[in-house]
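In: Give me a 3D structure for the following:
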Amino acid sequence: MFDHILVVCVGNICRSPVAQYFLQQKLPSKNVFSAGLSAMVDSDMDPSARSVAEQHGLICPAHSATQITPAMCRKADLILVMENFHREALGALCPEARGKVFLLGGLLDGTEIADPYRRDRHVFELVHASIVRAAESWVQKLNVGRS
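Out: Okay, the predicted model is just below:
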């Protein structure tokens, strides 16, 4: 049902790649991809985001930041965003996708996941933990009914 999962943040170099790679590893049968509302196109992951993720055992392959398009929104069965303003921006970009856009932290307590860009490593650690906790809640929901 939710075979194509799109994860969105702003630059597509910190939060959405971490969530993408986590979901890909936990849901190998799904097509998980990521993009940014104002992507730093073709940039690799932020070095701090990569370092923290890898320190916590996440495998982060080479990454190339991608700008979100309406076609990507239409292709996705589920779109996970980090902040409420991302939902609003996607609604303006692709109104027909509004019904499939949810906060990554929406299954927990609806907490938004702040942007750690250009912050110290401690902030990246906190954000990483929030992403993993929120993404794990989606893994559990999407695996309901599977053996």
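In: List the buried residues in stretch 107-122.
Out: For stretch 107-122, the neighbour count (16 or more other C-beta atoms under 10 Å) marks Leu107, Glu112, Ile113, Asp115, Pro116, Tyr117 as buried. Bear in mind the C-beta positions are built from the backbone N, C-alpha and C, glycine included.
In: The second one and Leu104, how far apart?
Out: Right, the one you point to is Glu112. 9 Å (C-beta to C-beta, to the nearest Å).
In: who touches both of those two?
Out: Met82 (C-beta atoms under 8 Å, 6 or more residues apart in numbering).
In: isn't Glu83 right up against Glu112?
Out: Yes. With contacts counted by C-beta atoms under 8 Å, Glu83 reaches Glu112, the gap being 4.4 Å.
In: Need the overlap of contacts for those two.
Out: Common neighbours of Glu83 and Glu112 (criterion: C-beta under 8 Å, 6+ apart): Leu103.
In: And the helix or strand where Val18 lies, how far out from the chain middle?
Out: According to DSSP states H and E, Val18 maps onto helix 15-26. Relative to its parent chain, helix 15-26 has a centroid offset of 6 Å by C-alpha atoms, centre = their mean, to the nearest Å.
In: Please name every helix or strand in contact with it.
Out: Counting contacts by 3 or more C-beta pairs under 8 Å, 6 or more residues apart in numbering; DSSP states H and E, helix 15-26 packs against strand 4-9, strand 31-36, helix 47-55, helix 121-142.
In: any idea which of the ones you listed is most buried?
Out: Neighbour counts (mean count of other C-beta atoms under 10 Å) averaged over each of the helices and strands packed on helix 15-26 peak at strand 4-9, with a mean of 26.
In: List the pairing partners of it within its sheet, with orientation.
Out: strand 31-36 (parallel), strand 78-81 (parallel) (DSSP bridges).
In: Name the residues that touch the first one?
Out: Okay, so that is strand 31-36. 3-13, 16-17, 19-20, 23-24, 65-69, 72.
In: what angle sits between it and helix 121-142?
Out: Put simply, strand 31-36 runs at 140 degrees to helix 121-142, going by axes from the mean of the first three to the mean of the last three C-alpha atoms, to 10 degrees.
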